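Q: Kindly return the folded structure for what I paste below:
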Amino acid sequence: MAHLRSANMKGKFDYIFLGVLGLLLANAVIQSYLYQYLLSINNYLAVIAWVIALTLRLGTSRYRRQAIGWLLILGTLNVLSFTLGRITISIGNISDTGVEAISLNPIILAISIAYYLTNKTAVNRILTNVFQGTKDEQEKERDKQVHFYLNKFSECDSQELDTLLKNFDDYPPEAQTALKQIQTGRLYKD
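A: Numbering: from 1, shown residues only. Modelled structure (predicted):
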């Protein structure tokens, strides 16, 4: 029961962060209209991306949490601009084409840090899945590696296997698993 409340609370935090980004966008659009400021292409991209992220979050897409992360990452780099004007730490200047240069937006960076702190477990799980694969993918890769070592070590004669077993700790875990399987099979053969 407490776990369900925690999950519900995390989902509500997503809406809070989407709301904050939406308010920043609304402020930029209203100021643009009232004071005749030109919005950059980055502002228009932010509006489109925000609507997509909100739609995904309201729906049942499996990417609903990743969309918020991408909003924050691209907003931090100022690829998506949620604010009007330049509240950035610039890395370069593109020219007066209506496109803002990639730079660090400290406001969105602070929001991103707050999002990470409130959703640490989910963010870490998503990052792990992106960079290392899901548990199933990791297990398949491990099995593939063990199978590779089984094939490689099965070609060794008894003396070579003894040498391999003496250096057991020097091998990666997948090779150790293969050696254990070969050793167990060899004990039954002897």
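Q: quick one: which helix or strand includes the most centrally placed residue in the chain?
A: Centrality entry for the chain: nearest residue to the mean C-alpha point is residue 127, 3.5 Å, by CA atoms, centre = their mean. Residue 127 is part of helix 120-132, with elements assigned from DSSP states H and E.
Q: what's next to that helix, contact-wise?
A: 10, 65, 66, 69, 115, 116, 138 (CB atoms under 8 Å, 6 or more residues apart in numbering). The C-beta positions use only the backbone N, C-alpha and C, and glycine is treated the same way.
Q: ok, of those residues, which come out buried?
A: Buried residues within the contacts of helix 120-132, defined by neighbour count using 16 or more other CB atoms under 10 Å: 65, 66, 69, 115.
Q: List just the nearest of these to residue 159.
A: When the buried ones among the contacts of helix 120-132 are compared for distance to residue 159 (CB to CB), residue 66 wins out at 52.9 Å.
Q: In terms of pLDDT, where does that closest one sit?
A: Note on residue 66: pLDDT of 86.
Q: so how far is residue 122 from it?
A: Per CB to CB, to the nearest Å, residue 66 is found 10 Å from residue 122.
Q: same thing with residue 173?
A: 28 Å.
Q: Neighbour count: those two, which is higher?
A: residue 122 (18 against 10; other CB atoms under 10 Å).
Q: Tell me how far that one lies from residue 172.
A: 30 Å.
Q: now what about stretch 50-60, what contacts it?
A: For stretch 50-60, the surrounding residues in contact (CB under 8 Å, 6+ apart) are 14-15, 18, 21-22, 25, 63-65, 67-68, 70-71, 80, 82.
Q: Please spell out the ChimeraX selection for the buried subset of the residues you listed.
A: To isolate the buried ones among those in ChimeraX, judged by 16+ other CB under 10 Å, type:
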select :14,18,21,22,25,64,65,67,68,71,80,82
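Q: In helices, which of the contacts of stretch 50-60 appear?
A: Among those, the members falling in helices (DSSP state H) are 14, 15, 18, 21, 22, 25, 64, 65, 67, 68, 70, 71.
Q: so which strand or helix has the closest residue in space to the second one that isn't next to it in sequence?
A: In space, residue 15 comes closest to residue 57 once its chain neighbours are excluded; the distance is 7.2 Å by CB to CB, 6 or more residues apart in numbering. When elements are assigned from DSSP H and E, residue 57 belongs to helix 41-58.
Q: What are the buried residues along that helix?
A: Buried, per 16+ other CB under 10 Å, within helix 41-58: 42, 43, 46, 47, 49, 50, 53, 54, 56, 57.
Q: Out of those, which comes closest to residue 179?
A: residue 56 (46.8 Å).
Q: Relative to residue 62, how far out is that closest one?
A: Residue 56 is 9 Å from residue 62, by CB to CB.
Q: Same question for residue 159.
A: 53 Å.
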